[in-house]
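1. sequence first, then the predicted structure:
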Amino acid sequence: MIYLDHAATAALRPSALEAMLPYLTEQCGNPSALYESGRRARQAVSRARREIAETLGCLPEELYFTSGGTEADNWALLSMAEAARARGEAPFLVSTAIEHHAVLETLRYGKETGLLDYALLPVSGDGVAALSGLDALLAKRPALVSCMGLITRPARCNRSENCSRAAGSGTFRCTATSCRSTVSCRLRAYSAKNCRISFR
């Protein structure tokens, strides 16, 4: 069988397996604990955070590790809505019609439960967001503009860049699954308040 779905999931690279194997076997420990194996685990997490931050061009303290992309999307969208509500604003988010289900279902859930309202930008057949309607949506002062980018195709990468320029650095978020394996991923170039990365 020829496997062609590496953008969805892939086997660990041998180098990644070699790096992780000690912490999956004899060096396991709670990184929040004070005992020796916990301290070693905490040091390993801190080292990984520094290395990834250097790769992405961000600060180590700006990185949060989650169990996966769906959790990260849920957290980002709902927390931005909660932050807007805490400021006394009606939470309003903007995204596009072909986002991942983790984004779209979170938006639908938020609206159904009264946590937020949202609008979706239409996209063309090649996956480029129609930004002509974005100005009107930005006039509503959205808490976040969330746009998929850097997934597998350059069109999506361009769509994310265009959304970033249109939305401004204050409200833009992008999802960047598999970015490191496909293009050079420097987060500052996207002026994003929040970016979800999944390495492959």
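-> Happy to help now that I have it. All figures in this text were calculated on a predicted structure; none of them were measured in a lab.
2. for Pro31, see how far away the closest residue to Leu104 other than its chain neighbours is.
-> Counting by CB to CB, 6 or more residues apart in numbering, Ser95 is the residue found nearest to Leu104 once chain neighbours are left out, at 7.4 Å. No exception for glycine: its C-beta is placed from N, CA and C like everyone else's. Counting by CB to CB, to the nearest Å, the separation of Ser95 from Pro31 is 34 Å.
3. looking at those two, which is more packed in?
-> Legend: neighbour count by other CB atoms under 10 Å for Ser95 and Pro31, higher for Ser95 (26 against 15).
4. okay, strands next: where are they in the protein?
-> 92-96, 117-121, 144-148, 172-177, 194-198 (DSSP state E).
5. JSON lines please, covering those and showing distance to Thr55 and mean pLDDT.
-> Output for the strands of the chain, formatted as JSON lines (distance: least, CB to CB, whole Å; pLDDT from 0 to 100):
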{"stretch": "strand 92-96", "distance to Thr55": "27", "mean pLDDT": "91"}
{"stretch": "strand 117-121", "distance to Thr55": "30", "mean pLDDT": "93"}
{"stretch": "strand 144-148", "distance to Thr55": "21", "mean pLDDT": "82"}
{"stretch": "strand 172-177", "distance to Thr55": "12", "mean pLDDT": "69"}
{"stretch": "strand 194-198", "distance to Thr55": "10", "mean pLDDT": "72"}
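6. looking at these, spot the one closest to Gly38.
-> strand 194-198 (26.2 Å; CB to CB).
7. how far off strand 144-148 does the closest one point, in degrees?
-> 30 degrees (axes from the mean of the first three to the mean of the last three CA atoms, to 10 degrees).
8. strands paired with strand 194-198, and their directions?
-> Partners of strand 194-198 in the sheet, by DSSP bridges, are strand 172-177 (parallel).
9. of the strands of the chain, flag the one that's most buried.
-> With neighbours taken as mean count of other CB atoms under 10 Å, the strands of the chain reach their highest mean count in strand 144-148, at a mean of 27.
10. show me what it is packed against.
-> Contact partners of strand 144-148 among helices and strands, from 3 or more CB pairs under 8 Å, 6 or more residues apart in numbering; DSSP states H and E: helix 69-86, strand 92-96, helix 134-138, helix 154-167, strand 172-177.
11. mean pLDDT for the ones you listed: which is lowest?
-> Comparing mean pLDDT across those, the weakest is helix 154-167, with a mean of 52.
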